[in-house]
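**Student:** Here is a sequence together with a model predicted from it:
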Amino acid sequence: HGLELESRDAADADEASNEPGSALYGNFINYYTFNPPENRLSLIPATLLKDLGYSDRGDEDTLILDVGCNSGELSVALYQHLLPESEDPHRSKVHLLGFDLDEALIQRAQRSNPLGGCITFIPLDVTRDTGRLRDYLRRRGSPHFHLCVCLAVTMWVHLHHGDSGLLQLLTDLASISRHLLLEAQPWSCYRSAARRLRRLGRSDFEHFKTLQIRGDMAEQAREHLEKSCHMELVQTFGSTVWDRKLLLFRRR
């Protein structure tokens, strides 16, 4: 994601639903119709929170962050995947915060949220304001999110904010996360996004032609997180149907 969006009228919304090139920040209004939650959840163990040691934590809450949550379907499905209804006693101790820069998508997420006490959705541009995330942590009495989930977001920040914006995103998320589950779009997705814009007769993404960070984007992200952010790769959960790796990092 990237810059704050201006509000869209109904015609713009219709265009975005029919032409993915018009969703300049990855804020597809029907995203989960073409990439349903199970595409990722089939790779993520339902025991992940337990495997990471975040169960039976006494009075301590477990905090999950979903970066670029769109309209919230994956946030809800992930929560239910990790904490099925049979684990009701633990649900009151696990809280998920999802955010997206598109206020219309967040309003949809808020309206359709079946787990209101456990999941919160807020509008937020992560490239402009990480202070609200730190405020949330302070209110919850925790120095970090125990699990941060950042799926298919890095490309949009990279295209709109350049190499420095991508590295800053990874640095910021690492600084507030104990574990980070990352899905970085491969370079082929960058080229596809640029082609969609050209087909619409629009200008290229501002930074596309000047990006120096290219090639294996998952490896580029891993290198930065391990060398500059005190994190280490601990597991790879295979690749999605779109051939994107799910990488799990933890703070050293």
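**Tutor:** Perfect, I can see it now. Numbering: from 1, shown residues only.

**Student:** hey, let's count contacts and neighbours off CA atoms from now on
**Tutor:** OK.

**Student:** Quick one: neighbours of residue 81, just the number.
**Tutor:** By other CA atoms under 10 Å, the residues close to residue 81 number 19.

**Student:** Just give the nearest non-adjacent residue to it, would you?
**Tutor:** The shortest distance from residue 81 to any non-neighbouring residue, by CA to CA, 6 or more residues apart in numbering, is to residue 46 (5.7 Å).

**Student:** Please report the distance of that neighbour from residue 89.
**Tutor:** 17 Å (CA to CA, to the nearest Å).

**Student:** before we move on, what about residue 62?
**Tutor:** 13 Å.

**Student:** And those two? Which one has more around it.
**Tutor:** For residue 62 versus residue 89, the count of surrounding residues by other CA under 10 Å is larger for residue 62: 22 against 11.

**Student:** Angles on the backbone of that one, please.
**Tutor:** Phi and psi for residue 62, reported as degrees, to the nearest 10, are phi -110, psi 130.

**Student:** ok, now residue 235?
**Tutor:** According to degrees, to the nearest 10, residue 235 has phi -160, psi 150.

**Student:** same thing with residue 121?
**Tutor:** phi -120, psi 130.

**Student:** In contact with it, which residues?
**Tutor:** Contacts of residue 121 were listed using CA atoms under 8 Å, 6 or more residues apart in numbering, and they are 72, 97-99, 106, 109-110.

**Student:** can we see that at 10 Å?
**Tutor:** Contact partners of residue 121, counting by CA atoms under 10 Å, 6 or more residues apart in numbering, are 66, 69-72, 75, 96-100, 105-111, 113.

**Student:** What subset of those residues is buried?
**Tutor:** 66, 69-72, 75, 96-100, 105-110, 113 (16 or more other CA atoms under 10 Å).

**Student:** Based on its surroundings, how many neighbours for residue 122?
**Tutor:** 19.

**Student:** element containing the residue lying closest to it once chain neighbours are set aside?
**Tutor:** Here the nearest residue to residue 122 in space, its sequence neighbours aside, is residue 99; by CA to CA, 6+ apart that works out to 4.9 Å. Residue 99 is part of strand 94-100 when elements are defined by DSSP states H and E.
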